[in-house]
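S.K.: Provided below for reference: sequence and predicted model.
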Amino acid sequence: MVSVELRLQRASKVYREGELLCGVAALTARTELRHEGVSLCVQGDVQLTHSGKSAGLVDSFYATPKSLRLLHETLELAPPGRLPAGRTEVPFEVALAARHGRPLHETYHGLYVSVQYTVACEVRRGVLTRDARAQLEFMVEARRGAAPPAAERPLQFLVSPSSLTRADAAAAPPPRFRLRGRLDSTECALGEPLRGELVLESSEAPVRSIELQLVRAEACGRADALSRQCSEVQNIQIGLGDVPRGLAIPIHMVFPRLFTCASVSAAHFQIDFSVNVVVVFKDDHLVSENFPLKLTRY
């Protein structure tokens with residue numbers, strides 16, 4: 001019997017296109033045994049999932065591949081032979097290079113779009129014996145820019161009943177209120193929080209909660225007929241209860257790893273992000289205003 005363990009040189013498991021993925025495959029056998037070869041496979045794929053909500057775009061979806069191969073490299077770590085008893089460590093290194101002209105998009109775990117990179121090692125044992133295999137996920141980030149833009153893109157906003165778009169004409173109008181706010185920049189560096197502040201200037205009804213909701217918009221399909229779906233990434237509460245009027249409430253939202261990535265627009269998919277400012281009143285009336293964000297790396 002043999003067990004396989006993979007260990008990467010970088011504890012963070014974060015790499016960028018063009019770098020070397022270096023590590024060790026550790027093979028542990030109780031007794032000496034024969035094998036048919038030891039192989040290593042490094043793979044990166046984009047998985048696209050169809051949403052039933054976009055039934056009108058089914059033809060577009062089925063004209064789109066369900067999986068896009070970004071990276072595929074195989075190495076033969078050992079030819080067929082005998083593995084000694086005990087622990088054997090086999091080092092490896094693989095260049096992370098894109099295939100078919102597609103860049104290595106950032107690692108991202110979404111609802112309808114997922115970008116994942118794995119390294120797998122397999123010890124082949126023959127027809128009548130089960131192969132031994134281990135797999136490890138590593139992360140790919142976009143190359144960082146040399147420096148942030150010379151000027152940030154701050155956003156001043158005002159939320160009131162007159163600024164809201166009412167989708168349902170039969171719905172009761174919201175209470176009269178006035179919420180002023182600022183985002184330090186709508187172009188955000190991943191690894192840095194979204195910052196700003198909110199001030200509830202007035203409200204005729206008591207407030208139960210003020211929240212920030214990070215939203216992702218994932219699109220699959222052809223460039224001329226994208227099936228776009230929005231879903232919540234995270235929700236944080238920055239004001240609890242009937243907050244004092246005129247009090248500056250700081251905004252500090254950290255972008256979660258794996259569930260966010262640099263905004264991307266590719267041939268068959270797009271990933272964009274935005275933030276909702278949500279006010280919930282005591283009578284359960286809820287108002288929300290959406291602000292698009294551009295996520296990038298510096």
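M.R.: Alright, I've got the coordinates.

S.K.: alpha carbons only for contacts and neighbour counts from here, please
M.R.: Fine.

S.K.: number of residues surrounding Gly101?
M.R.: Using other Cα atoms under 10 Å, Gly101 is surrounded by 8 other residues.

S.K.: repeat that for the one 10 residues further on.
M.R.: The criterion is other Cα under 10 Å. On that basis, Leu111 has 20 neighbouring residues.

S.K.: what's the answer for the one 10 residues further on, then?
M.R.: Counted with other Cα under 10 Å, residues neighbouring Cys121 total 25.

S.K.: return the set of residues that bridge with the closest residue to it other than its chain neighbours.
M.R.: Spatially, and ignoring its direct neighbours in sequence, Cys121 is nearest to Leu40 (4.5 Å; Cα to Cα, 6 or more residues apart in numbering). Beta-bridge pairing of Leu40 under DSSP bridges involves Leu75, Cys121.

S.K.: quick one: pLDDT of Leu40?
M.R.: Per-residue pLDDT puts Leu40 at 96.

S.K.: so what strands line up beside whichever strand or helix holds Arg178?
M.R.: Element membership for Arg178 (DSSP states H and E) is strand 177-183. Strand 177-183 has these partner strands in its sheet, going by DSSP bridges: strand 155-159 (antiparallel), strand 194-203 (antiparallel).

S.K.: select, out of these, the one closest to Gln234.
M.R.: strand 194-203 (13.1 Å; Cα to Cα).

S.K.: before we move on, the earlier item: wait, the residue nearest to Cys121 touches Arg124, no?
M.R.: No - the pair Leu40 / Arg124 is not scored as a contact, 11.2 Å apart, by Cα atoms under 8 Å.

S.K.: which of the two has more neighbours?
M.R.: Per other Cα under 10 Å, whichever of Leu40 and Arg124 has more neighbours is Leu40, with 22 against 18.

S.K.: what sits against that one?
M.R.: Leu40 makes contacts with Thr74, Leu75, Glu76, Leu77, Val119, Ala120, Cys121, Glu122, as judged by Cα atoms under 8 Å, 6 or more residues apart in numbering.

S.K.: for ChimeraX, what selects the buried ones among those?
M.R.: ChimeraX command restricting the contacts of Leu40 to the buried ones, with burial defined by 16 or more other Cα atoms under 10 Å:
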select :77,119,120,121,122
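
S.K.: nearest to Gln213 among the contacts of Leu40?
M.R.: Distance to Gln213, by Cα to Cα, is smallest for Val119 among the contacts of Leu40, at 34.2 Å.

S.K.: what count of nearby residues applies to the closest residue to the closest one other than its chain neighbours?
M.R.: Nearest in space to Val119, with sequence neighbours left out and distances taken as Cα to Cα, 6+ apart, is Val42 at 4.4 Å. By other Cα under 10 Å, the residues close to Val42 number 22.

S.K.: got the CA coordinates for the helix or strand containing Val42 in PDB?
M.R.: Element membership for Val42 (DSSP H and E) is strand 38-48. The C-alpha trace of strand 38-48 is given here as PDB (Å, rounded to 0.1, in the frame of the first residue of the first chain):
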ATOM      1  CA  VAL A  38       4.400   8.200 -11.200                       C
ATOM      2  CA  SER A  39       2.900  11.100 -13.000                       C
ATOM      3  CA  LEU A  40       2.100  14.700 -12.200                       C
ATOM      4  CA  CYS A  41      -0.700  16.800 -13.800                       C
ATOM      5  CA  VAL A  42      -1.200  20.600 -13.400                       C
ATOM      6  CA  GLN A  43      -4.500  21.800 -14.600                       C
ATOM      7  CA  GLY A  44      -6.600  25.000 -14.700                       C
ATOM      8  CA  ASP A  45     -10.200  25.200 -15.800                       C
ATOM      9  CA  VAL A  46     -13.100  27.700 -16.000                       C
ATOM     10  CA  GLN A  47     -16.400  25.900 -15.200                       C
ATOM     11  CA  LEU A  48     -19.600  27.600 -16.500                       C
END
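
S.K.: model confidence for Arg125, exactly?
M.R.: On the pLDDT scale, Arg125 is placed at 88.

S.K.: can you name the residues bridging to the residue nearest to it when sequence neighbours are not counted?
M.R.: Among residues not flanking Arg125 along the chain, His35 sits closest, at 4.8 Å (Cα to Cα, 6+ apart). Following DSSP bridges, His35 is listed with bridge partners Gly81.

S.K.: cool, Gly86 as well?
M.R.: Gly86 forms beta bridges with Ala29, as assigned by DSSP bridges.
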